[in-house]
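K.L.:
Need coordinates for the following:
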Amino acid sequence: MTGRKIPTTVITGFLGAGKTSLIRHVLATANGRRVALIINEFGDLGIDESLLRGCGDVGCAEGEIVELANGCICCTVADDFVPTIEALLARNPEPEHIVIETSGLALPKPLVAAFNWPEIRNRVTVDGVVAVVDGPALLNGRFAADPVALEAQRQADAALDHESPLEEVFEDQLACADLVVLNKVDQLNEEERARGRAMVAGELRPGVKLVAAEQARIDADILLGLAAAAEGDLAARPSHHDAFEGEHDHDEFDSFIVSLGPVADPEALEARLISAIEAHDILRIKGFVDVPGKRRRHVVQAVGARVGRYFDRDWGADEARQSRLVVIGLSPLDRAAIGAALSA
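P.N.:
Predicted structure coming up:
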């Protein structure tokens, strides 16, 4: 453990803009960096993941690519994203850099905000948000090369909790970006390139760079190492969804530990967990409990109202048997009330 935060690059852009091609080129030019990938693909095909696994680069090795198959990454933070980051951080050796490819309809700002979750905020940082723009589609007023396929992606994603017009999603992607790649410029003439650059530049925050690319060929040395620490700069990244209540505005979290005595009846504890989650703004509960008469620890994981329990390993000979649960939710949590409810 070095104590440094692992830099993470978020790649955003519509379906067909060239995100997967961009990542393949990053892997090919990573110069030995241990890069882990999180691919936000869903459905039965997992097309992006299969393309990357067949790229032939060392960075595409088995185990270095994680696919989130439950839909829009910005809508499944508690269920998928945070546990996936935790799993990557537990690896030995840990990755030197993490790259996240979002789905075409994901809003980048909620994902960036998720890096403030108590479980991961001291271990990872958003090195930069990179938005990939399909140049020809932009000039044709479509934003995406295949709007029909993009709409099919929207319909297939049961987790998607926003139905923003493509123009709003596009503007959100640019407003959150630290670097924008205007891709497929080889399909544009000089006047079209200039017009495309002007259209994109008008949506960017001061200081955000715009680079042109053919087939998304941008080296890792350009894309990685931006050191934006974007999770601490959310106020400067406006979104069409800033004014709405809901999962996309949950960027302030609270967490605390509830210490319990021996738990003779895990099923009764589960019922108390569900009641507490329903009564308070709790997003996750995780930890382990001491069940008298059992030689193994009893693990508890709750996401929303779904509670999972299982025995994982024997208690160590010199290990104090104890019951400790970490409660995570929207700030502020009523710690006293929740602690009392779980201890009843």
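
K.L.:
pLDDT weak spots in the stretch 151-300 of the chain?
P.N.:
151-164, 241-253 (pLDDT under 70).

K.L.:
what about 80?
P.N.:
Residues of the stretch 151-300 of the chain that meet the criterion pLDDT under 80 lie in 151-167, 240-255, 283-284.

K.L.:
tell me the strands in this protein, going along the chain?
P.N.:
Listed in chain order, the strands of the chain (DSSP state E) span 6-12, 35-39, 65-67, 97-101, 124-134, 179-183, 209-212, 253-260, 282-289, 296-303, 306-314, 323-330.

K.L.:
Could you export those as CSV, including mean neighbour count and distance to residue 81?
P.N.:
Heads up, the C-betas are built off the backbone N, CA and C, glycines and all. Below are those laid out as CSV (neighbours: other CB atoms under 10 Å; distance: least, CB to CB, whole Å):
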stretch, mean neighbour count, distance to residue 81
strand 6-12, 26, 11
strand 35-39, 24, 8
strand 65-67, 20, 10
strand 97-101, 25, 9
strand 124-134, 25, 11
strand 179-183, 25, 22
strand 209-212, 16, 27
strand 253-260, 16, 13
strand 282-289, 22, 12
strand 296-303, 19, 11
strand 306-314, 12, 16
strand 323-330, 19, 13
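
K.L.:
Farthest from the middle of the protein: give me that residue.
P.N.:
residue 293 (39.9 Å; CA atoms, centre = their mean).

K.L.:
ok, it to residue 273 distance?
P.N.:
From residue 293 across to residue 273, the span is 21 Å (CB to CB, to the nearest Å).

K.L.:
same deal with residue 11?
P.N.:
Counting by CB to CB - residue 11 and residue 273 are separated by 36 Å.

K.L.:
so the longest helix seen in the chain versus strand 253-260, what angle?
P.N.:
Ranked by number of residues, the top helix in the chain under DSSP state H is helix 266-279. Counting by axes from the mean of the first three to the mean of the last three CA atoms, to 10 degrees, helix 266-279 lies at 150 degrees to strand 253-260.

K.L.:
where along the stretch 1-150 of the chain do the helices fall?
P.N.:
Counting by DSSP state H, counting those that start in this stretch, the segments of the stretch 1-150 of the chain that form helices are 19-28, 47-53, 82-89, 108-113, 135-139, 147-156.

K.L.:
I'd like the average pLDDT over stretch 117-135.
P.N.:
For stretch 117-135, mean pLDDT is 92.

K.L.:
how far does it stretch from start to finish?
P.N.:
End-to-end distance for stretch 117-135, by CA to CA, to the nearest Å: 35 Å.

K.L.:
Also stretch 289-309?
P.N.:
Termini of stretch 289-309 sit 10 Å apart (CA to CA).

K.L.:
That stretch: how far from the chain's middle?
P.N.:
26 Å (CA atoms, centre = their mean, to the nearest Å).

K.L.:
Please apply the same query to stretch 277-292.
P.N.:
23 Å.

K.L.:
Ok, stretch 120-140 next?
P.N.:
12 Å.

K.L.:
cool, and stretch 101-112?
P.N.:
7 Å.

K.L.:
Quick one: mean pLDDT for it?
P.N.:
On average, stretch 101-112 scores 82.

K.L.:
Start the count at 453 instead of 1 going forward.
P.N.:
Shifting the count to begin at 453 puts that one at stretch 553-564.
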